[in-house]
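J.: Predicted model and sequence follow; I will ask about them next.
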Amino acid sequence: MMSRFFLLIVFFSLSLVICKGQNLVPNPSFEDTVYCPTTLTLIDAAAGWSSGNAIGTSDYYNTCSPPGIAPPNTLFAFQYPFTGNAYAGIIPVNYQLAFPDYREYIVSQLISALQPGTKYFVSFYVNRGYGIQQHYILATNKFGVLFSTIAFGISNPAPENNFAHVYSDSIITDTLSWTQIKGSFIADSAYQYITIGNFFDNAHTDTLNFGDTIAYSSYYLIDNVCVSSDSLICYTNVGIDEVKNKEEIILFPNPFTNTINITAKETGLVEITLFDLTSRKVLIQSFKTSTVLNTEPLAKGLYIYEIRSKDRVIKKGKILKD
């Protein structure tokens, strides 16, 4: 009897440790698929995720999908996933006259309910769409997370009551790199669901317009969602290869105008290739240790770069000509 009681105590203790060190979001980077999405509005193709909208639906992108839905070259942005092969996409704010207060959300049921009185750490990554689809170029703030005891959906849309448990008060403008939104809060209920989007009305939401005189909407990609009572679980995520490669390659400035400076730690010959958004090679240059690229002939816009040594890809990413 004593040994059985001892085993139960050990099992319970181990369960608490595992739970504490766990990301409570299922399918946090949208890798698990129910089916490959073939068009927009199919967030339910990502296992465990659904739309929290009254009208319209949120989007799901996966490399198994056809062009336009398969990263990195999607209908709203050119972006590699932060991790893995997939990400979600939503419209957090819209000022179009037909839908003056339009919002999109994504919803998931947590692996286990939050414990009231416990402090939780939350993080997710976003990247702004830059207007491949016309007029979807606004940048916005108030991007955040709301926890609830019920699931939001078409018949019960997420509220727009100027409250979120964690959100960004800064306008997120970056179209090149992923931006982490993070924060913490103490649970006051046994919340079972996480919803991501903008829960603030237009009067409490700020936007920036990047040049389109009739821009009416913003669009953002979402990846790597995390909720945990352990801050190390949610605050130490690392993206594609950017941190790992930072010391091997120094490339600046970004954005650039007529030159790009590159320094590499490789001792042998290194080659950089620039691609436009149609994957066409627009510049190739080999060098040892360092070089300065003449980019004056290039048109303004976004480019993909790949830097290779003889036997491996050292670094790849995006760079913008301003």
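T.: It's in.

J.: quick one, strands of the stretch 151-300 of the chain?
T.: Remark: strands assigned in the stretch 151-300 of the chain by DSSP state E, counting those that start in this stretch are 166-167, 179-186, 193-198, 207-208, 220-228, 249-252, 259-264, 270-275, 281-287, 290-294.

J.: By mean pLDDT, show me the worst of the ones you listed.
T.: Among these, strand 249-252 has the lowest mean pLDDT, at a mean of 79.

J.: for the protein, which spans come out with low pLDDT?
T.: By pLDDT under 70, the low-scoring segments of the chain are 1-21, 54, 56, 96-100, 131-135, 211-215, 236-247.

J.: rerun that using 50 as the cut-off
T.: 1-2, 5-19, 238-247 (pLDDT under 50).

J.: Spell out which residues make up each domain of it.
T.: 21-235, 242-321 (automatic domain parsing).

J.: Turn the ones you listed into a markdown table, including mean neighbour count.
T.: C-beta here means a position set from N, CA and C on the backbone, and glycine is covered the same way. As requested, those are exported to a markdown table (neighbours: other Cβ atoms under 10 Å):
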| stretch | mean neighbour count |
| --- | --- |
| domain 21-235 | 19 |
| domain 242-321 | 14 |
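
J.: Which parts of the chain are helices?
T.: Secondary structure of the chain (DSSP state H): helices at 2-20, 231-235, 242-245.

J.: out of the strands of the stretch 151-300 of the chain, which comes closest to Thr38?
T.: Judged by Cβ to Cβ, the one of those that comes nearest to Thr38 is strand 220-228, at 18.4 Å.

J.: Format the strands of the stretch 151-300 of the chain as TSV; extra columns: distance to Tyr136.
T.: Compiled in TSV, those are given as follows (distance: least, Cβ to Cβ, whole Å):
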stretch	distance to Tyr136
strand 166-167	21
strand 179-186	18
strand 193-198	15
strand 207-208	12
strand 220-228	10
strand 249-252	29
strand 259-264	28
strand 270-275	23
strand 281-287	25
strand 290-294	31
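
J.: out of the ones you listed, nearest to Gln79?
T.: Among the strands of the stretch 151-300 of the chain, the nearest to Gln79 by Cβ to Cβ is strand 220-228 (5.8 Å).

J.: CA atoms only: put that closest one into PDB for me.
T.: Extracted C-alpha coordinates of strand 220-228, given in PDB (Å, rounded to 0.1, in the frame of the first residue of the first chain):
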ATOM      1  CA  TYR A 220      -0.500  40.000 -40.800                       C
ATOM      2  CA  LEU A 221       0.900  36.500 -40.700                       C
ATOM      3  CA  ILE A 222       1.100  34.600 -37.400                       C
ATOM      4  CA  ASP A 223       3.500  31.900 -36.300                       C
ATOM      5  CA  ASN A 224       4.800  30.200 -33.100                       C
ATOM      6  CA  VAL A 225       2.100  30.800 -30.500                       C
ATOM      7  CA  CYS A 226       3.000  30.000 -26.900                       C
ATOM      8  CA  VAL A 227       1.300  30.000 -23.500                       C
ATOM      9  CA  SER A 228       3.100  28.600 -20.500                       C
END
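
J.: Which other helices and strands does that strand contact?
T.: strand 86-90, strand 119-128, strand 193-198, helix 231-235 (3 or more Cβ pairs under 8 Å, 6 or more residues apart in numbering; DSSP states H and E).
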